[in-house]
Structure formats: structure tokens, C-alpha cells
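>>> Build me a model:
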Amino acid sequence: MSEIQVNTINEYTSANGVTIDGVLVKDGAIASSYISGLSSGLSSAQQWRLTANITTSGTNDITTNFEVPDTENQGNLGTLVSESSGIFSFSETGYYAVIVQATTAAKQTRVLTLATDDNSTYTQIAWAGILSDTEGAIGFSMVILDVTNTTNDKVKFQSYMQSAGGVVYGSTTNNSTSFAFLKLGET
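Numbers count the residues shown, from 1 in each chain. Purely as a prediction, here's the structure:
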């Protein structure tokens, strides 16, 4: 076998690209599914769900009844986000998408997403649920967080019901209300 050592391989024409061991490199783009060791891309996808209904009116922190979904083929990729008493902490810095699916009943019922960058003062940054006079709905919210400090940057969730009779649904067998964290890349 012969070995060729070079510093740079240039494309013959920009339309063709260069094929190396079956991988087409075109204009500097490489499909990550063909290459190991790349550091960019989705590295963690974690999900929790609410396991019991919430019926308390007003605004209340959701501190209990979280579980990792375990029905059928549900799973998580990585373990970069942990939960303790309703506070979600990040073990690595980076950009995270936080997605909430809230199944609610009665008007003005929602799940609020709050974030802190000082491990103390939380600010509402999104909500999912019902705003109008609708009797029931499934709502979604999504935010992208820039987590730069794993000690201070955290997320928590609250239920909000304008009046008695509201419900945020939970279940141990399906994702009625769920919370997903996707690490999108490095900060």
C-alpha cells in the first residue's frame, strides 16, 4: 500500500467536490453522519412529564410529580439536565431549546416557563396553554437559552389558573404535559 501525505486537497471544480472513502466533501460541507468526533450538533435531548393533574388556582411553582417518560420506546439522549424539587439545572454550558407541551382545561389556564441567571430571581420567559374562553387545549412554547454558568442558570415551571376549575393534565403513561431540553450547541 502507498501512502499520500498532503496538507490540502482542493476540488477540481466547485460543482463536483472530492470523495474520500465514500464521503463527498463539497464546498467544505461534510455530513456529520459519516464522520465521528465532530463536536457540533445535537448532543443531548431530555424529556420529563408531569405525572399528576394540577388543579390549584392562582400561580404556583410545579415542584413535584416529574418523571422521565418510560412508556414504549421513549428515551433520552444524554443526561445534561437534572431536576430537583422542580428546579432544572444544566451540567454543561451551551445553547438549549426548552420546549413545553401543556394540556389544559378551562379558560386562562397555562404552564409558565421561568429562568434565572443568578440562581435566585426568576423571570417568566414563555407560557403554553389557554388564553381565551376556550374550554380545553394543548399549547406549546419554546425558548432558546444561552446557558453560560451552570451554577446560576436554571429553569423552573409554574401552573397558572385564573379561577377554580382549571386543570393542567398529567399522566404516568403519556406525555399530557411535558418538558423537553435539547442542547443545540456550544455557547
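>>> Please enumerate the strands of the chain.
Remark: strands assigned in the chain by DSSP state E are 18-20, 23-25, 44-50, 58-61, 66-67, 81-84, 87-90, 94-105, 109-116, 123-129, 136-147, 154-161, 167-168, 178-185.
>>> by contact count, what packs against the last one?
Think strand 178-185. Under the contact criterion of 3 or more Cβ pairs under 8 Å, 6 or more residues apart in numbering; DSSP states H and E, strand 178-185 touches strand 44-50, strand 94-105. In this view, the C-beta of every residue, glycine as well, is placed from N, C-alpha and C.
>>> could I get the strands of the chain as CSV with mean neighbour count?
What follows is the strands of the chain, written out as CSV (neighbours: other Cβ atoms under 10 Å):
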stretch, mean neighbour count
strand 18-20, 11
strand 23-25, 14
strand 44-50, 21
strand 58-61, 14
strand 66-67, 17
strand 81-84, 16
strand 87-90, 19
strand 94-105, 21
strand 109-116, 22
strand 123-129, 17
strand 136-147, 16
strand 154-161, 23
strand 167-168, 23
strand 178-185, 20
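>>> Let's have those strands in JSON lines, adding mean pLDDT and distance to Gly75.
Putting those into JSON lines (pLDDT from 0 to 100; distance: least, Cβ to Cβ, whole Å) gives the following:
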{"stretch": "strand 18-20", "mean pLDDT": "66", "distance to Gly75": "33"}
{"stretch": "strand 23-25", "mean pLDDT": "64", "distance to Gly75": "29"}
{"stretch": "strand 44-50", "mean pLDDT": "95", "distance to Gly75": "9"}
{"stretch": "strand 58-61", "mean pLDDT": "96", "distance to Gly75": "28"}
{"stretch": "strand 66-67", "mean pLDDT": "96", "distance to Gly75": "13"}
{"stretch": "strand 81-84", "mean pLDDT": "96", "distance to Gly75": "15"}
{"stretch": "strand 87-90", "mean pLDDT": "98", "distance to Gly75": "18"}
{"stretch": "strand 94-105", "mean pLDDT": "95", "distance to Gly75": "16"}
{"stretch": "strand 109-116", "mean pLDDT": "96", "distance to Gly75": "23"}
{"stretch": "strand 123-129", "mean pLDDT": "95", "distance to Gly75": "23"}
{"stretch": "strand 136-147", "mean pLDDT": "93", "distance to Gly75": "21"}
{"stretch": "strand 154-161", "mean pLDDT": "97", "distance to Gly75": "21"}
{"stretch": "strand 167-168", "mean pLDDT": "93", "distance to Gly75": "25"}
{"stretch": "strand 178-185", "mean pLDDT": "95", "distance to Gly75": "12"}
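>>> what's the closest of those strands to Ile4?
When those are compared by Cβ to Cβ, strand 18-20 sits nearest Ile4, at 11.3 Å.
>>> what about the residue nearest to Ser163 when sequence neighbours are not counted, neighbour count?
Distances taken as Cβ to Cβ, 6 or more residues apart in numbering place Ser57 nearest to Ser163, at 5.8 Å, with adjacent residues excluded. Look at Ser57: counted by other Cβ atoms under 10 Å, it has 16 neighbours.
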